[in-house]
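Asker: Build the 3D model from these lines:
(chains A and B)
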Amino acid sequence: AQTVTQSQPEMSVQEAETVTLSCTYDTSESDYYLFWYKQPPSRQMILVIRQEAYKQQNATENRFSVNFQKAAKSFSLKISDSQLGDAAMYFCAYRSPQGGSEKLVFGKGMKLTVNP
Amino acid sequence: DTGVSQNPRHKITKRGQNVTFRCDPISEHNRLYWYRQTLGQGPEFLTYFQNEAQLEKSRLLSDRFSAERPKGSFSTLEIQRTEQGDSAMYLCASSRGSYNSPLHFGNGTRLTVT
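Answerer: Residues are numbered from 1 along each chain as shown, chains lettered A, B, ... in the order given. Below you'll find the predicted structure:
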């Protein structure tokens, strides 16, 4: 079974600084997708960034970028120029079309605090 | 895009009672998902619909749980004979039809079973 591990339950960063959130996953499949979702307090979960496993280039969305290491099964999220609005729970997630499942498998999440 | 809507936002019920939650997905999305999230955990997959067909169910979905999407639009999740262990946030999400399409989540329904 596929699993997603986020080993750091909490992190903090100073406003305008850079922070990296780690994620590892376990799978035997070759074709899959990885996602980072953000869940602000009392608000809905939204997609931050996604990565297709077949793409070697790391995905980037404005201040958010990933470091995808397929052989190491690692998928970290870097937030540059951190803003107060980045404070939230961050979830790493995995999905594979192989086997026909639509299931998105989430890690336990990591709470990010941004200090002014 | 008005977003995914879930009702009610909060539900408190006594053990043994039945509860029903509703989810209205984004109108052009044919895929609808239910997840359960307990404190300190990530969301766990419960079930998935493509249009009106329920195509996948998790082993977490016991016989007391049933979900429907009768016309391929809104969906309901019913829990019969609720137990204290059912207390959680129930999240609904919808998406278009490809594996790299993001899921759009609703605000969730928080269930407390006393």
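Asker: give me the element the nearest residue to residue A:59 once chain neighbours are set aside is part of.
Answerer: Leaving aside its chain neighbours, residue A:59 sits nearest to residue A:51 (4.7 Å; criterion: Cβ to Cβ, 6 or more residues apart in numbering or on different chains). Heads up, the C-betas are built off the backbone N, CA and C, glycines and all. Assigned by DSSP states H and E, residue A:51 belongs to strand A:46-52.
Asker: got the contact list for the most centrally placed residue in chain A?
Answerer: Per Cα atoms, centre = their mean, the C-alpha nearest to the average position across chain A is that of residue A:36, at 3.1 Å. By Cβ atoms under 8 Å, 6 or more residues apart in numbering or on different chains, the contact list for residue A:36 reads A:21, A:23, A:47-50, A:64, A:66, A:75, A:77, A:90-93.
Asker: pLDDT value on residue A:100, please?
Answerer: Residue A:100 is assigned 75 on the pLDDT scale.
Asker: For it, grab the count of nearby residues.
Answerer: For residue A:100, the neighbour count with other Cβ atoms under 10 Å in any protein chain shown is 8.
Asker: phi, psi of it?
Answerer: phi 80, psi 10 (degrees, to the nearest 10).
Asker: re the thing from before, okay, the residue nearest to residue A:59: pLDDT?
Answerer: So residue A:51 comes in at 95 (pLDDT).
Asker: In contact with it: list those residues for me.
Answerer: Residue A:51 touches A:33-35, A:58-59, A:66, A:68, A:75, counting by Cβ under 8 Å, 6+ apart.
Asker: Buried ones only from the residues you listed, please, as a PyMOL command.
Answerer: Command for PyMOL that selects the buried part of the contacts of residue A:51, burial taken from 16 or more other Cβ atoms under 10 Å in any protein chain shown:
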select buried, chain A and resi 33+34+35+59+66+68+75
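Asker: Which single one of the contacts of residue A:51 is nearest to chain B?
Answerer: residue A:33 (5.0 Å; Cβ to the nearest Cβ).
Asker: so how many other residues sit close to residue B:24?
Answerer: 18.
Asker: For it, give me its contacts.
Answerer: So residue B:24 contacts B:4-6, B:73-74 (Cβ under 8 Å, 6+ apart).
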